[in-house]
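In: next one to model:
(one chain, ligands or ions: 1)
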Amino acid sequence: MIEIKGLSKFYGDIKVLDDISLEIKEGEIYGLVGRSGAGKSTLLRCINRLEDFQSGSLKVDGVEVRDLEGTKLREFRKNIGMIFQNFSLMQRRSVYENIALPMECWGYNKDEIDKRVRELAEVVEITDKLSSKPRELSGGQQQRVAIARALSLNPKILLSDEATSALDPKTTDSILSLLKRINRNLGITIVIVAHQMSVIKRVCDKVSVLDQGKIALDGKVVDVFLHKQDEIREIFGGANKIALPSTGINIRIIVPEEGESNRIISRMAQILNVAFSIPVANIEQFKERTMALFVINVECENFNKVAEFLDYQNVTWEVVENE
Ligand SMILES: Nc1ncnc2c1ncn2[C@@H]1O[C@H](COP(=O)(O)OP(=O)(O)OP(=O)(O)O)[C@@H](O)[C@H]1O
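Out: Sure, this is the predicted structure:
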């Protein structure tokens with residue numbers, strides 16, 4: 001649905017996007033994550049042509065976005081909704097009028113607008129706030145209004161630029177759940193820009209991690225998150241580096257969390273009869289499933305035995321290098 005190949009963009013002499021290639025399939029929730037200044041927002045804004053770029057290609061449904069002008073560009077943008085960190089609502093207008101605004105601009109009649117506004121208010125769960133002004137709402141409620149407005153023209157794609165960055169963790173959760181529901185029920189492809197991996201992890205199917213204008217890592221969120229922990233830490237800063245035992249061998253184990261994780265560990269202890277410690281045990285919540293992530297530390301002489309057991313049990317594992 002969105003196909004980006006070799007895209008580069010400069011501001012003056014500074015290259016802010018460097019040879020970006022990625023593909024976003026219809027119905028996916030795709031994350032663009034990275035530190036401040038990595039180029040995430042700029043890339044997102046290239047998708048709906050709010051930004052131009054100097055070289056490469058960006059196609060949406062096979063159409064080269066750079067070639068669009070005038071009415072064609074307007075029609076194209078109609079298919080792409082966008083939400084922002086600061087909500088960008090019109091303060092003098094009511095919630096109803098904010099949601100209705102894009103439809104008014106496109107000349108929809110009053111009945112159509114009324115039906116759609118009420119439908120969307122149900123989807124984003126703000127039916128009781130339609131006559132309020134944005135300033136009378138909480139941040140989470142304002143973002144719900146912005147989402148309803150972004151969906152008013154029935155777009156195929158929703159772009160989210162740090163939409164939860166100004167919200168507290170609980171409100172963030174509720175907005176992320178809403179985005180997941182919109183993706184599932186309305187089949188809208190969503191591209192999410194965030195600077196926190198935790199946001200991406202919970203809602204996205206795939207991710208590109210941007211670093212200084214380049215794609216440093218990409219792939220399925222589960223794979224990137226679970227297998228590229230060291231690279232992620234390097235990009236986002238090493239403050240949370242976990243001190244692992246410096247002797248023996250540390251093995252990272254990943255299993256679906258359906259009670260299964262504890263069973264693997266206890267089975268290993270029983271069957272192999274080897275001693276090991278568990279320096280890390282985390283439950284990680286992904287879009288569709290919960291996974292358990294352990295690091296176990298085993299004596300060097302027991303490594304082969306443990307590796308064989310994990311392979312036999314079909315467990316995803318890897319050795320974590322000692323520093
Ligand atoms: N209009 C502009 N003119 C000049 N430079 C710009 C402009 N917009 C962005 N930049 C620069 O482009 C680079 C990428 O910015 P961008 O906003 O895309 O990064 P980001 O990853 O979204 O960061 P943040 O999370 O802080 O928004 C930065 O170095 C920024 O200073």
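In: ok and the residue in the stretch 51-200 of the chain nearest the ligand?
Out: Closest contact between the stretch 51-200 of the chain and the ligand, by Cβ to the nearest ligand atom, is at residue 195 (5.0 Å). Using the backbone N, CA and C atoms, a C-beta is placed for each residue, glycine as well.
In: read off the pLDDT value for that residue.
Out: Note for residue 195: predicted pLDDT of 89.
In: next, count neighbours for it.
Out: 17 (other Cβ atoms under 10 Å).
In: show me the contact partners of the helix or strand of the chain at the bottom of the mean pLDDT ranking.
Out: Using mean pLDDT, DSSP states H and E, the weakest-scoring helix or strand in the chain turns out to be helix 260-272, at a mean of 78. Residues external to helix 260-272 that are found in contact with it (Cβ atoms under 8 Å, 6 or more residues apart in numbering): 253, 255, 274, 276, 278, 292, 294, 296, 302, 305-306, 309-310, 313, 315.
In: just the buried members of those?
Out: Listed as buried from the contacts of helix 260-272 are 253, 255, 274, 276, 292, 294, 296, 302, 305-306, 309-310, 313, 315; burial here means 16 or more other Cβ atoms under 10 Å.
In: hmm, back to that, alpha carbons of the least confident helix or strand of the chain, as PDB, please.
Out: Taking C-alpha atoms only, helix 260-272 is exported to PDB below (Å, rounded to 0.1, in the frame of the first residue of the first chain):
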ATOM      1  CA  GLU A 260       4.000 -22.000  29.200                       C
ATOM      2  CA  SER A 261       7.000 -19.900  30.200                       C
ATOM      3  CA  ASN A 262       7.200 -21.200  33.800                       C
ATOM      4  CA  ARG A 263       6.700 -24.800  32.500                       C
ATOM      5  CA  ILE A 264       9.700 -24.600  30.200                       C
ATOM      6  CA  ILE A 265      11.900 -23.300  33.000                       C
ATOM      7  CA  SER A 266      10.700 -25.900  35.600                       C
ATOM      8  CA  ARG A 267      10.900 -28.700  33.000                       C
ATOM      9  CA  MET A 268      14.500 -27.700  32.200                       C
ATOM     10  CA  ALA A 269      15.400 -27.800  35.900                       C
ATOM     11  CA  GLN A 270      13.800 -31.200  36.300                       C
ATOM     12  CA  ILE A 271      14.900 -33.000  33.100                       C
ATOM     13  CA  LEU A 272      18.400 -31.700  32.800                       C
END
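In: ok now that helix, how far from the chain's centre?
Out: 33 Å (Cα atoms, centre = their mean, to the nearest Å).
In: and stretch 73-80, by the same measure?
Out: Distance, stretch centre to chain centre, for stretch 73-80: 23 Å (Cα atoms, centre = their mean).
In: please apply the same query to stretch 62-70.
Out: 26 Å.
In: what lies in contact with that stretch?
Out: Contacts to stretch 62-70, defined as Cβ under 8 Å, 6+ apart, come from residues 46, 47, 48, 49, 52, 53, 57, 58, 59, 76.
In: closest to residue 32 out of the residues you listed?
Out: residue 47 (9.8 Å; Cβ to Cβ).
In: that closest one contacts residue 82, correct?
Out: No: in this structure, residue 47 is not within contact of residue 82 by Cβ atoms under 8 Å, at 9.3 Å.
In: quickly list what's touching both of those two.
Out: residue 159.
In: just give me the longest helix of this protein.
Out: helix 169-186 (DSSP state H).
In: and the very next helix or strand once past it, what does it pack onto?
Out: Going down the chain from helix 169-186, the next helix or strand is strand 189-194, by DSSP states H and E. Packing partners of strand 189-194 (3 or more Cβ pairs under 8 Å, 6 or more residues apart in numbering; DSSP states H and E): strand 29-34, helix 40-47, strand 157-161, helix 169-186, helix 197-203.
In: any chance you could map the helices in the stretch 201-323 of the chain?
Out: Listed in chain order, the helices of the stretch 201-323 of the chain (DSSP state H, counting those that start in this stretch) span 221-227, 229-236, 260-272, 303-312.
In: show me the one of the ones you listed that comes nearest residue 37.
Out: Judging the helices of the stretch 201-323 of the chain by Cβ to Cβ, what sits closest to residue 37 is helix 229-236, at 12.4 Å.
In: and the angle for that closest one with strand 29-34?
Out: Inter-element angle recorded for helix 229-236 and strand 29-34: 60 degrees (by axes from the mean of the first three to the mean of the last three Cα atoms, to 10 degrees).
In: chain center to helix 229-236, what's the gap?
Out: For helix 229-236, the distance to the chain centre is 17 Å (Cα atoms, centre = their mean).
In: list the buried residues of that helix.
Out: Neighbour counts using 16+ other Cβ under 10 Å place 229, 232, 235, 236 of helix 229-236 among the buried residues.
In: one more: stretch 271-290?
Out: For stretch 271-290, burial by neighbour count (16+ other Cβ under 10 Å) applies to 274, 276, 284, 286, 287.
In: of these, closest to the ligand?
Out: For the buried residues of stretch 271-290, the minimum distance to the ligand (Cβ to the nearest ligand atom) is 22.0 Å, reached by residue 287.
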